[in-house]
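Asker: curious how this folds, go ahead:
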Amino acid sequence: MNSSLSLSEFVLDCTLNSRQQTFTSTLLGLIYVVTLSGNLLVVLVIILNHKLQTPMFVSIGTLAVIDLVTSTNLIPKMMMLLLTNFSTVPYNFCLLQMYIILHLEVLETLLLAMMAVDRYIAVVHPLRYPSLVSNKVIWVVVLLSNAVGIMVITPFVMFAKELRFCHTNVLPYCFCDYSTMVRVACNEDPKYLILISIAAAILGGVPLLLILFSYGRIAQVALRISSTDGKRKVFSTCLTHLLVVELFYIPLLTSYVFPGAGVQLSAEAYNTMVIIGNIVPPMMNPLIYSFRNKEIKNGIYKLFTGKRTSPDMDKH
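Answerer: Numbers count the residues shown, from 1 in each chain. Purely as a prediction, here's the structure:
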């Protein structure tokens, strides 16, 4: 069967047994509520408090917006598929969802690296921080990251349009995913997976190394702090940041790099890693980057009580 199907839609095969459907839908709903409320609260507090409109908090707010869009792009559609079994997705909408997923992944990987460098400069070179980092610099980096995302991801949309589907238009996945399309298609050209593996290795690997270097240098500075409490706070911050970074980078790097390198992952392993990499970090990021921050906590307290600072926070 060499003739290709005339595609107007894809069918997403996201079916589970009734017990798994109920559990998964409930879990996704809880994750979405936590993600939505946490990130919206962060964005609202930063917008309303002019004192928080500094480079570090602009970065945190931008990350919150990316996480909101990522979760909204994925979770409601997945829940609808699980609850209603309505699995058909128009062809162009599927390509749009695929593009948004990949583009936001590029944005987040570059933004996390920028935030690590921001903390590195603030801790290791504090006197140079005001001259090196400003809101303008942050916005320029965000715009450049978007430009990089457009340049890198657009070719994969073109590749997706080249794919021929001779046997089926069913994608064994809960959302529209580039690598899943390639595996289902009849095209045998290895470029489709090799190129995305190369792009993922560069855009994921280089920022990850930069993050590890930044936090490594911060840890070295922390070792020179005489205060035991000060050391504990710095190491606690570094470790929690690295935890959420690993939850984002490791699953996505593994799922994108391995297939192009010739390492075959099972559909279940691949699906699990991509879903974890896209859904868990947006829920965790407000907890790690925002709610542990004194200024953010004061902003939330002021938002809900009208008072400037919590008495308990003033003691710390």
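
Asker: spell out the residue ranges of the helices in the stretch 51-200 of the chain.
Answerer: With helices called from DSSP state H, counting those that start in this stretch, the stretch 51-200 of the chain shows them at 55-84, 91-124, 129-132, 135-162, 178-184, 191-223.

Asker: check the gap between Leu104 and Val69 for me.
Answerer: Going from Leu104 to Val69 by Cβ to Cβ, to the nearest Å gives 6 Å. Every residue, glycine included, has its C-beta placed from N, CA and C.

Asker: now do Leu48
Answerer: 21 Å.

Asker: neighbour-wise, which of these two wins?
Answerer: Neighbours per residue, other Cβ atoms under 10 Å: of Leu48 and Val69, the larger number sits with Val69, 16 against 12.

Asker: give me the pLDDT value at that one.
Answerer: pLDDT, Val69: 95.

Asker: returning to that earlier point: so for Asn271, which of the helices of the stretch 51-200 of the chain sits nearest?
Answerer: Proximity to Asn271, assessed across these by Cβ to Cβ, is greatest for helix 178-184 (8.2 Å).

Asker: export that closest one to PDB, keeping only CA atoms.
Answerer: Extracted in PDB, the C-alpha atoms of helix 178-184 (Å, rounded to 0.1, in the frame of the first residue of the first chain):
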ATOM      1  CA  TYR A 178       5.900  15.200  15.900                       C
ATOM      2  CA  SER A 179       7.800  12.000  16.700                       C
ATOM      3  CA  THR A 180       4.600  10.000  16.900                       C
ATOM      4  CA  MET A 181       3.500  11.300  13.500                       C
ATOM      5  CA  VAL A 182       6.900  10.200  12.000                       C
ATOM      6  CA  ARG A 183       6.600   6.700  13.500                       C
ATOM      7  CA  VAL A 184       3.100   6.200  12.100                       C
END
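
Asker: what helices or strands is it leaning on?
Answerer: Counting contacts by 3 or more Cβ pairs under 8 Å, 6 or more residues apart in numbering; DSSP states H and E, helix 178-184 is packed against helix 91-124, helix 135-162, strand 170-171, helix 191-223, helix 228-260.

Asker: as a markdown table, the ones you listed with distance to Gly299 and mean neighbour count would be great.
Answerer: A markdown table is the format used below for the helices and strands packed on helix 178-184 (distance: least, Cβ to Cβ, whole Å; neighbours: other Cβ atoms under 10 Å):
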| stretch | distance to Gly299 | mean neighbour count |
| --- | --- | --- |
| helix 91-124 | 18 | 20 |
| helix 135-162 | 17 | 15 |
| strand 170-171 | 42 | 18 |
| helix 191-223 | 24 | 17 |
| helix 228-260 | 19 | 17 |
